[in-house]
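K.L.:
From the sequence below, what's the structure:
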Amino acid sequence: MAVSSDSMLQKIFAKSPVFDSNKRVFGKPVSISGGAISCNERNLKSKGKIAVKAAAAAADVMGLKNHEVNLDLGFDVVAERELREKGFLGMRKTKLVCTIGPACCSLEDLERLAMRGMNVARLNMCHNTREWHRDVIRKIKKLNEEKGFSVSVMIDTEGSLIHVVDHGVPSSLKAEEGSVWVFTAQKFEGSRPFTVQANFQGFSEGIMVGDELVIDGGMARFEVVERMGNDLHCKCTDPGLFLPRAKLSFWRDGKLSYHGLPTLSPKDWADVDFGISEGVDFIAMSFVNDADSVKDLKNYLFAKMSKSIRVLAKIETLESLQKLEEIVEASDGIMVARGDLGVEVPLEQIPTVQEDITRLCRQMNKPVIIASQLLESMVEYPTPTRAEVADVSEAVRQYADALMLSGESAIGLHGQKALSVLQMASSRMELWSREENRQSALHNCQLGGSLSDCIAEEICSCAVQMANNLGVDAIFVYTKHGEMASLLSRNRPYPPIFAFTSDSDARMTLNLQWGVIPLLVDLTDDMEANISKTIDLMRTNGMVPVKGEEPTESLFMKELKRRGMTPTSLLEETNRGNYGVEDEMKIGEEDRDFSKRNPVSTELDKSLSNQREKSMALNSEGLEGLIPRAKLLLTLGGTFFVGFWPLILITVAFFSSLYFYFGPSFVHDGSNASFSPPQYIDPYELLEDERISQIAPSLK
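P.N.:
From the prediction side, this is the model:
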């Protein structure tokens, strides 16, 4: 189904809508096809009378072929590879964000992260120099241009943050219990014993003796014992470490006693200008306390440049939670920074707060990133804890748009493995959610106030419902700025959303939308031409089968080959009745490694097992049950003939005389209607086209 929605949609629907049910693609009527649903957003200026048109066909994964990357389609090389390996329904929908740091800043490391599924690269402006960040940004853009990736760039501002200034110490500082430390704003070179330099001159204003100083949300704790001018003398009450640029916060009676700097400091505004000059795609604002600061930054970006840079608000303070709805409405997305948020919110409330923020963002159609300490142990260890994997799976179950690695990728020893863990855990949880049919429990509130906005929402909601009910493979959307694609993503459909756009900025910003695969294609105002062009491109690149061309090899046949079997050997297997879990584990044992399995392989295993059981039942009924039935039939026929043979002879003689007296018309009307014998059904074909459940009753 092709759906159009633009700024003149209200005028369009004032006219008589036309639904073209005769439109065919690949020789199939799309009104009932199970292949793809296509949605067009803003490109119907010349054909405004048509609001809803059928325009897509079966995008079956059975005939995928190996080929070189075709950049004319604008397909991300990783998404294309995933499509060929797993099929449409096996594609990962949760996006992955990686923080770039010293451990992964080389061109080779960035390429490895991109190949493992990194959708967005995050640069924390708290660390390193602008020259370093500029070099990383240009490396990422080089990979996008030369290697066919589609990795977006995000910069993260420092915000209203009091932190320890780096003074050249190669490692962290150790604070012992009972030791007294001096916290000062005085600038000095090098390091001094038991002295910590803060980055803000007025950091001690309003601080009283007895207040508590917390380092990095609990890495170490101090009590203020004396004030000397602008300096604070603090006694360590909970020993710990001072990491480089550790964050400082002051507490009094269980509440924050100091609220820090404005949301955007002069350094932050300079970083924003740097991001504009380098053409970044997202700017994440730290320590947002109200919607006004978000609006100020968006107005500044609008006045400074034509490129669309999306502004994400980081939720990490108690004030931001109190004004959460207005902050979400003003921003282009949300990042749940659980590390800093956990400093101000009791630990036991973090899971509930995370779920509430995720649900609100989906309701208001804003992407949400779950960040901080997802796989913290993998900073040092090659495998995560089971609790961390459960935490990641819970975020995916809540339908968060993206998951973010912080120190795991920036300074960790196993950043690429951590990214693989996110990829595997999210894919497996998405499959489980689809099997559980959790999307049916999602209910979205109405966002738009105008008629055209309401129509667009309803169109996307109905398109997703149709896609889920009909079991289509993909949803196509043709969009200029990405609004219609985001509305489709909001409904969390089963199939992936292929967003075709001619705007490179929109393509990069859609990298944060759940389930959206953005494709850069030259589009026109003619929706039908766009549909034909994109389907031809997908077909030419082997994504959908060519009309009249049989698929080269089905997934079922590939699975049989992987197991070293054929349909004939499957039926003629002497011990097929005992074929169970133990035998299945023996076949292809070398491929049973967790890192090599994927959700589609699991589904194929289940499908293969069901088909095998049904085919054996048919075979047993058709062959083994033939002889007993024939014996019973002969016995009954012989008994009937012996007992009633006089009556049978009289009946035959009577109807024979009627036939010769009245002619053939007595038993036949003389028409030349042809008689078609029942179609023979080959059991091997039953295995191939997966129609056993429908055909089995008729065979009985």
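K.L.:
Just the strands from the stretch 401-550 of the chain, written as ranges.
P.N.:
Per DSSP state E, counting those that start in this stretch, the stretch 401-550 of the chain carries strands over the ranges 402-405, 474-478, 497-501, 516-520.
K.L.:
And for the stretch 51-200 of the chain?
P.N.:
Along the stretch 51-200 of the chain, counting by DSSP E, counting those that start in this stretch, strands occupy 52-53, 95-99, 120-124, 152-156, 173-175, 180-184, 195-197.
K.L.:
out of the ones you listed, deepest packed?
P.N.:
Burial of the strands of the stretch 51-200 of the chain is given as mean neighbour count (mean count of other CB atoms under 10 Å); strand 95-99 ranks first at a mean of 26. C-beta: built from backbone N, CA, C; applies to glycine.
K.L.:
Packing partners of it?
P.N.:
Other helices and strands packing on strand 95-99, by 3 or more CB pairs under 8 Å, 6 or more residues apart in numbering; DSSP states H and E, are strand 120-124, strand 402-405, helix 407-410, helix 415-436.
K.L.:
could you give the angle of that strand to helix 415-436?
P.N.:
Interaxial angle of strand 95-99 relative to helix 415-436 (axes from the mean of the first three to the mean of the last three CA atoms, to 10 degrees): 160 degrees.
K.L.:
Now strand 95-99: average pLDDT?
P.N.:
Strand 95-99 comes out with an average pLDDT of 97.
K.L.:
that older thread, worst mean pLDDT among the strands of the stretch 51-200 of the chain?
P.N.:
Sorting the strands of the stretch 51-200 of the chain by mean pLDDT places strand 52-53 lowest, at a mean of 30.
K.L.:
Take the strands of the stretch 51-200 of the chain and write them to a markdown table, including distance to residue 502.
P.N.:
Shown next, in a markdown table, are these (distance: least, CB to CB, whole Å):
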| stretch | distance to residue 502 |
| --- | --- |
| strand 52-53 | 20 |
| strand 95-99 | 22 |
| strand 120-124 | 22 |
| strand 152-156 | 18 |
| strand 173-175 | 53 |
| strand 180-184 | 55 |
| strand 195-197 | 51 |
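K.L.:
mind checking which of these is nearest residue 223?
P.N.:
Nearest to residue 223 among those is strand 180-184 (10.0 Å), distances taken as CB to CB.
K.L.:
and stretch 308-324, which residues are buried?
P.N.:
308-317, 320-321, 323-324 (16 or more other CB atoms under 10 Å).
K.L.:
Now that stretch: average pLDDT?
P.N.:
Per-residue scores along stretch 308-324 average to 91.
K.L.:
re earlier: out of the helices and strands packed on strand 95-99, which comes closest to residue 298?
P.N.:
Nearest to residue 298, of all those, is strand 120-124, at 19.2 Å by CB to CB.
K.L.:
Direction included, what does that closest one pair against?
P.N.:
Partners of strand 120-124 in the sheet, by DSSP bridges, are strand 95-99 (parallel), strand 152-156 (parallel).
K.L.:
circling back: of the strands of the stretch 51-200 of the chain, which is nearest residue 465?
P.N.:
strand 52-53 (14.5 Å).
K.L.:
Lowest-scoring secondary structure element of this structure by mean pLDDT?
P.N.:
Lowest by mean pLDDT, DSSP states H and E among the helices and strands of the chain is strand 52-53, with a mean of 30.
K.L.:
coming back round to it: export the strands of the stretch 401-550 of the chain as JSON lines, with columns for mean pLDDT.
P.N.:
As requested, the strands of the stretch 401-550 of the chain are exported to JSON lines (pLDDT from 0 to 100):
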{"stretch": "strand 402-405", "mean pLDDT": "97"}
{"stretch": "strand 474-478", "mean pLDDT": "93"}
{"stretch": "strand 497-501", "mean pLDDT": "94"}
{"stretch": "strand 516-520", "mean pLDDT": "93"}
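K.L.:
could you redo those as CSV and give each row mean neighbour count and distance to residue 117?
P.N.:
CSV is the format used below for those (neighbours: other CB atoms under 10 Å; distance: least, CB to CB, whole Å):
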stretch, mean neighbour count, distance to residue 117
strand 402-405, 26, 11
strand 474-478, 28, 19
strand 497-501, 28, 17
strand 516-520, 24, 12
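K.L.:
Residue 530 is nearest to which of the ones you listed?
P.N.:
Counting by CB to CB, residue 530 lies closest to strand 474-478 out of the strands of the stretch 401-550 of the chain; the figure is 5.2 Å.
K.L.:
so the closest one versus strand 497-501, what angle?
P.N.:
Using the same axes, to 10 degrees: strand 474-478 against strand 497-501 is 20 degrees.
K.L.:
ok, strand 474-478: who's next to it in the sheet?
P.N.:
Strand pairing for strand 474-478, using DSSP bridges, gives strand 36-40 (parallel), strand 497-501 (parallel).
K.L.:
Okay, now stretch 115-132: how far is its last residue from its first?
P.N.:
Using CA to CA, to the nearest Å, the end-to-end distance of stretch 115-132 comes to 23 Å.
K.L.:
For it, buried residues please.
P.N.:
Buried residues in stretch 115-132, counted by 16+ other CB under 10 Å: 115-128.
K.L.:
closest to residue 147 among those?
P.N.:
When the buried residues of stretch 115-132 are ranked by distance to residue 147 (CB to CB), residue 115 comes first, at 8.8 Å.
K.L.:
Was I right to think the closest one contacts residue 78?
P.N.:
Yes: here residue 115 reaches residue 78: they are 6.3 Å apart, a contact under CB atoms under 8 Å.
K.L.:
ok so, going back, of all the helices and strands packed on strand 95-99, which one comes closest to residue 389?
P.N.:
Among the helices and strands packed on strand 95-99, helix 415-436 comes nearest to residue 389, with 5.5 Å by CB to CB.
K.L.:
could you dump the closest one to PDB, C-alpha only?
P.N.:
Taking Å, rounded to 0.1, in the frame of the first residue of the first chain, the C-alpha atoms of helix 415-436 are listed here in PDB:
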ATOM      1  CA  GLY A 415      34.800  -2.600  22.600                       C
ATOM      2  CA  GLN A 416      34.000  -4.700  19.500                       C
ATOM      3  CA  LYS A 417      33.000  -7.700  21.500                       C
ATOM      4  CA  ALA A 418      30.700  -5.400  23.600                       C
ATOM      5  CA  LEU A 419      29.100  -4.200  20.400                       C
ATOM      6  CA  SER A 420      28.500  -7.800  19.300                       C
ATOM      7  CA  VAL A 421      26.900  -8.600  22.600                       C
ATOM      8  CA  LEU A 422      24.500  -5.700  22.100                       C
ATOM      9  CA  GLN A 423      23.700  -6.800  18.500                       C
ATOM     10  CA  MET A 424      23.000 -10.400  19.500                       C
ATOM     11  CA  ALA A 425      21.000  -9.700  22.600                       C
ATOM     12  CA  SER A 426      18.800  -7.100  20.900                       C
ATOM     13  CA  SER A 427      18.200  -9.400  17.900                       C
ATOM     14  CA  ARG A 428      17.200 -12.300  20.100                       C
ATOM     15  CA  MET A 429      14.900 -10.200  22.300                       C
ATOM     16  CA  GLU A 430      13.300  -8.700  19.200                       C
ATOM     17  CA  LEU A 431      12.500 -12.200  18.000                       C
ATOM     18  CA  TRP A 432      11.100 -13.200  21.300                       C
ATOM     19  CA  SER A 433       8.900 -10.000  21.500                       C
ATOM     20  CA  ARG A 434       7.500 -10.800  18.000                       C
ATOM     21  CA  GLU A 435       6.700 -14.400  18.900                       C
ATOM     22  CA  GLU A 436       5.000 -13.100  22.100                       C
END
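K.L.:
Return the set of buried residues in that helix.
P.N.:
Residues of helix 415-436 classed as buried: 415-419, 421-431, 433-434 (neighbour count, 16+ other CB under 10 Å).
K.L.:
try stretch 80-90
P.N.:
Within stretch 80-90, the residues scored as buried using 16+ other CB under 10 Å are 80, 82-83, 86-90.
K.L.:
Could you measure from residue 112 over to residue 202?
P.N.:
Per CB to CB, to the nearest Å, residue 112 is found 44 Å from residue 202.
K.L.:
Compare the two (neighbour count), which wins?
P.N.:
It is residue 112, of residue 112 and residue 202, that has more neighbours when counted by other CB atoms under 10 Å, with 15 against 12.
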